[in-house]
Structure formats: structure tokens, C-alpha cells
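Undergrad: pasting the structure only:
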Ligand SMILES: [Zn+2]
């Protein structure tokens with residue numbers, strides 16, 4: 001336990017986690033307002049025609065899942081994405097943020113330590129650069145084998161429980177049930193806290209779908225990565241994550 005407190009202060013060198021998402025159902029990662037397609041919500045592609053899931057989408061989803069896990073373990077976590085409720089401001093939030101685990105050497109102008117929650121230490125906030133770098137997930141299938149599929153939809157008025165008039169739309173998706181692999185990576189930059197990989201892998205396991213219209217069955221996926229099979233994560237790190245500091249001040253683990 002005594003070493004655990006220092007784990008957080010010791011940082012690891014750059015590491016790359018390779019990731020592949022196998023999309024089980026059709027995928028709809030769209031950008032509204034794009035032109036050159038018959039669809040109202042075209043799918044995102046690179047210039048060479050390969051389908052992509054943008055890095056920003058994966059980063060946002062993973063941050064959200066990691067926040068949920070850390071909170072469930074009892075860690076005080078700030079509220080993203082509004083700057084005022086994020087570390088180091090945390091306006092209106094209560095919690096045991098003034099803890100040594102939340103000190104990473106960052107200082108206020110007066111020299112006092114700034115505290116950043118575990119999530120901000122990885123994903124960053126307006127005053128702290130992110131330690132994690134996400135690449136786009138790129139479909140490795142030849143673009144000739146991923147023809148665009150248009151899927152009609154209708155906007156439902158939830159209150160009246162009827163279809164809205166003139167609200168037929170078209171989503172562009174990848175071909176259904178094609179098991180398309182999308183590959184990319186997450187880079188842990190030098191200085192990433194040691195608990196990062198454990199939290200990232202736990203968070204990824206909670207992401208079962210990406211893109212839009214998940215409730216309509218789009219974008220469901222499975223992760224494939226050697227890092228899941230051989231997670232070289234020390235037991236001390238899991239114990240560290242499980243030993244969140246208790247809320248009253250002086251509550252050392
Ligand atoms: Zn934070």
C-alpha cells in the first residue's frame with residue numbers, strides 16, 4: 001500500500017496500445033451537412049475512401065466510461081466537458097480533490113499544488129495537456145468492398161408516439177454484418193501515470209458500440225488487441241485503483 005501512493009507519482013515512458021474494433025453491425029459515424037452524398041448523414045471517409053471512426057469520438061467515449069468506473073470505485077472525479085466544473089476549478093463540486101494522488105507537480109502561480117483528478121491526469125483539461133493520444137480508427141478493408149449503404153429512418157415524436165411528418169431521412173452506413181475491422185492506437189505519452197493502462201482497458205470493455213443510432217442496432221463492435229490478452233498490469237495498480245481516498249480530510253488509504 002505504501003508504494004501505491006508513490007505509483008501515482010511515478011510515470012511511465014511512452015507506450016502504444018494497438019486496437020482493432022470489429023464492427024458486427026453496420027456503422028454510422030457521420031458528419032451532418034457533408035456534401036457529395038445522397039444521404040442526410042454521410043459516413044466519414046478518408047481521402048483515399050477508407051472508412052474511419054474519428055479519434056475524437058473514441059476519446060470522448062472512453063473518457064466517459066473511465067469517469068464512470070473511477071466514480072464507481074469512489075474517486076472524486078470532476079465534471080467534463082465544461083471548464084468551470086473541470087479540474088482544477090471544479091466550481092460547485094464537493095469531493096476529496098485535495099489529495100496527494102491528485103498532485104502531479106502542476107503548480108499555481110503562487111507555487112501551491114494544483115490538483116487534477118485521475119481522469120484529467122490522462123485525458124487532460126483546459127489547464128493540463130492530455131497524456132493520451134488517440135489515432136483515428138481506420139477500416140482496413142479495401143474501399144471497393146465497402147459500398148455505401150443508405151438506410152431510411154423516420155423521426156419519432158416521443159410525446160405523441162407518432163412519426164413526424166416530412167421527417168424521413170437517410171443515414172449512410174457501412175455494409176451490415178460485414179465484420180469490418182477498424183484499426184488504430186492509443187499512445188500513452190511519456191509521463192502518463194501508471195494506472196492509465198488498467199483504466200483504459202477497463203473503459204474499453206464498456207464500449208460496446210460507436211457512432212450514431214446505437215439503439216437502432218448500428219455500430220456494435222468487439223475489441224481485439226493483444227493488450228487484452230496479456231495485460232501486463234501489476235496487481236499493485238488494481239489495488240491502487242480500488243483504494244480511493246475516503247472523503248473526509250486526512251483519509252489516507
Ligand atoms: Zn478532473
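TA: In hand now; what should we look at? Everything numeric in this text was worked out from a predicted model, so none of it was measured.
Undergrad: helix/strand/coil for residue 185?
TA: Here residue 185 is strand, with the state taken from DSSP: H, G, I helix; E, B strand; the rest coil.
Undergrad: so it sits right up against residue 14, yeah?
TA: No. Contact status for residue 185 versus residue 14: not in contact, 11.6 Å apart, counting by C-beta atoms under 8 Å. (Each C-beta comes from the backbone N, C-alpha and C, glycine too.)
Undergrad: who's more crowded, those two?
TA: Between residue 185 and residue 14, counting by other C-beta atoms under 10 Å, residue 185 is the more crowded of the two (16 against 12).
Undergrad: which residues does the more buried one contact?
TA: Residues counted as contacts of residue 185 (C-beta atoms under 8 Å, 6 or more residues apart in numbering) are 16-19, 135.
Undergrad: One more pass at 10 Å, please.
TA: Remark: with contacts taken as C-beta atoms under 10 Å, 6 or more residues apart in numbering, residue 185 is in contact with 16-20, 55, 133-137, 225.
Undergrad: Run through the bridge partners of it.
TA: Beta-bridge pairing of residue 185 under DSSP bridges involves residue 18.
Undergrad: and what of residue 220?
TA: On the basis of DSSP bridges, residue 220 takes part in beta bridges with residue 209.
Undergrad: Likewise for the one 4 residues further on?
TA: Each beta-bridge partner of residue 224 is listed here: residue 20, as defined by DSSP bridges.
Undergrad: gap between it and residue 19?
TA: Distance of residue 224 to residue 19, given as C-beta to C-beta, to the nearest Å: 8 Å.
Undergrad: what residues are shared contacts of the two?
TA: Counting by C-beta under 10 Å, 6+ apart, the common neighbours of residue 224 and residue 19 are residue 183.
Undergrad: center of the protein, which residue is that?
TA: For the chain, the residue whose C-alpha lies nearest the mean C-alpha position (C-alpha atoms, centre = their mean) is residue 62; its distance is 1.6 Å.
Undergrad: Just give me the neighbour total for residue 132.
TA: Other residues near residue 132 number 20, with proximity taken as other C-beta under 10 Å.
Undergrad: pLDDT wise, what is it at?
TA: Residue 132 carries a pLDDT value of 96.
Undergrad: Same check on residue 167?
TA: On pLDDT, residue 167 comes in at 65.
Undergrad: re earlier: okay, residue 224 and residue 19: which has more neighbours?
TA: residue 19 (22 against 14).
Undergrad: Now do the more buried one against residue 183, distance only.
TA: In this structure, residue 19 lies at 7 Å from residue 183, with C-beta to C-beta as the measure.
Undergrad: can you check residue 231 too?
TA: As it turns out, when the distance is counted by C-beta to C-beta, residue 231 lies 19 Å from residue 183.
Undergrad: Name the residues of stretch 103-116 that come out as buried.
TA: Within stretch 103-116, the residues that qualify as buried by neighbour count (16 or more other C-beta atoms under 10 Å) are 103-104, 106, 114-116.
Undergrad: Can you tell me which of these is closest to the ion?
TA: Using C-beta to the ion, residue 116 is the member of the buried residues of stretch 103-116 that sits closest to the ion, with 5.5 Å.
Undergrad: For the closest one, which residues are in contact?
TA: The contact partners of residue 116, by C-beta under 10 Å, 6+ apart, come to 78, 86-88, 90, 97, 102-104, 106, 122, 124-125, 127-128.
Undergrad: at 8 Å instead, please
TA: When the contact criterion is C-beta under 8 Å, 6+ apart, the partners of residue 116 are 87-88, 102, 104, 106, 125, 128.
Undergrad: cool, residue 92 as well?
TA: Taking C-beta under 8 Å, 6+ apart as the criterion, residue 92 is in contact with residue 85.
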